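Student: give me a model of this one.
(one chain, ligands or ions: 3)
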Amino acid sequence: MGKTVVAVVGVPGVGKTTVLNLVVKELTSEGFNVKVINFGDYMFNVLHAKGIVKSRDEIRHQSMEVQINAQLMAAEEIRKEIDLMQDVGNNVVIIDTHAVIKTGNGFWSGLPEYVVKRIQPKAIVIIESSVEEIMSRQGRDKNRYRADYNDPRLLNELLMMNRMYAIASAVLVGAVVRIVYNREGAPGEAAQEIVNLITALG
Ligand code: ATP
Ligand code: AMP
Ligand code: MG
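Tutor: Ligands and ions are numbered 1, 2, ... in the order given. Now for the predicted structure:
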């Protein structure tokens with residue numbers, strides 16, 4: 001196995017970062033050399049350095065020009081980061097990101113051609129939960145500001161949009177699409193499913 005890249009997407013607050021922390025623990029204990037790259041971190045670093053945003057939840061409210069530019073720069077940096085990883089034969093790179101972002105101007109792809117072709121994921125994993133679960137997780141998580149996503153109708157629409165955008169990105173690079181359910185109180189189950197997938201991808 002060389003460098004296996006997997007993109008993990010899902011609506012804000014569904015539990016991507018939580019599940020991926022568990023995935024890293026498990027894969028590391030199985031001897032994989034794992035790196036999780038949070039796409040939003042890279043966009044935040046670009047925009048924070050320029051004094052444009054103070055928090056990651058401000059990114060999606062910027063103009064399209066600002067977001068597209070930051071997205072491009074993030075994709076470029078991430079590619080460099082992947083290339084810099086020493087190829088010891090069992091490297092796994094997981095990109096914690098979004099298939100679709102609700103911007104002030106409309107829905108926007110998180111993995112458009114110029115991004116997904118830079119990253120070349122073998123799989124796009126969509127993490128899903130029920131609207132009720134997502135709303136209650138968003139409400140409990142005081143570290144983030146997701147009020148713009150805290151609406152049942154929007155979340156229903158976004159669950160559907162995530163699938164559509166993920167498929168659109170996957171066909172550009174021949175990636176598999178996998179839907180993983182993050183059950184309330186059991187993020188480890190979702191993590192195990194992702195671990196099994198990554199192991200099987202080879
Ligand atoms: P964002 O896209 O905004 O970064 P995210 O998908 O990474 O969101 P997390 O930050 O991982 O979401 O999770 C949001 C909240 O939900 C956190 O408080 C986390 O502890 C909680 N959470 C995640 N998964 C579960 C679960 N299976 N059961 C209960 N709570 C969960
Ligand atoms: P996150 O912590 O995953 O929610 O990421 C923070 C923010 O970064 C998101 O709310 C988006 O505004 C932005 N972001 C993350 N991934 C992407 C992407 N692939 N394309 C565009 N914006 C992204
Ligand atoms: Mg997250």
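
Student: list the beta-bridge partners for Asn91.
Tutor: Judged by DSSP bridges, the bridge partners of Asn91 are Lys3, Asn33.

Student: need the strands for the protein, in chain order.
Tutor: Assigned by DSSP state E, the chain shows strands spanning 3-9, 33-38, 91-96, 100-103, 106-109, 123-128, 176-181.

Student: all helices of the protein, in order?
Tutor: 16-29, 39-49, 64-84, 113-119, 131-140, 152-173, 187-201 (DSSP state H).

Student: using JSON lines, lay out these together with mean pLDDT.
Tutor: Formatted as JSON lines, the helices of the chain follow (pLDDT from 0 to 100):
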{"stretch": "helix 16-29", "mean pLDDT": "98"}
{"stretch": "helix 39-49", "mean pLDDT": "98"}
{"stretch": "helix 64-84", "mean pLDDT": "97"}
{"stretch": "helix 113-119", "mean pLDDT": "98"}
{"stretch": "helix 131-140", "mean pLDDT": "96"}
{"stretch": "helix 152-173", "mean pLDDT": "98"}
{"stretch": "helix 187-201", "mean pLDDT": "97"}
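
Student: so which of the strands of the chain comes closest to ligand 3?
Tutor: Among the strands of the chain, the nearest to ligand 3 by C-beta to the ion is strand 91-96 (5.9 Å). For the C-beta atoms, the positions are set from N, CA and C on the backbone; glycine is no exception.

Student: the closest one packs against which elements?
Tutor: Other helices and strands packing on strand 91-96, by 3 or more C-beta pairs under 8 Å, 6 or more residues apart in numbering; DSSP states H and E, are strand 3-9, helix 16-29, strand 33-38, helix 39-49.
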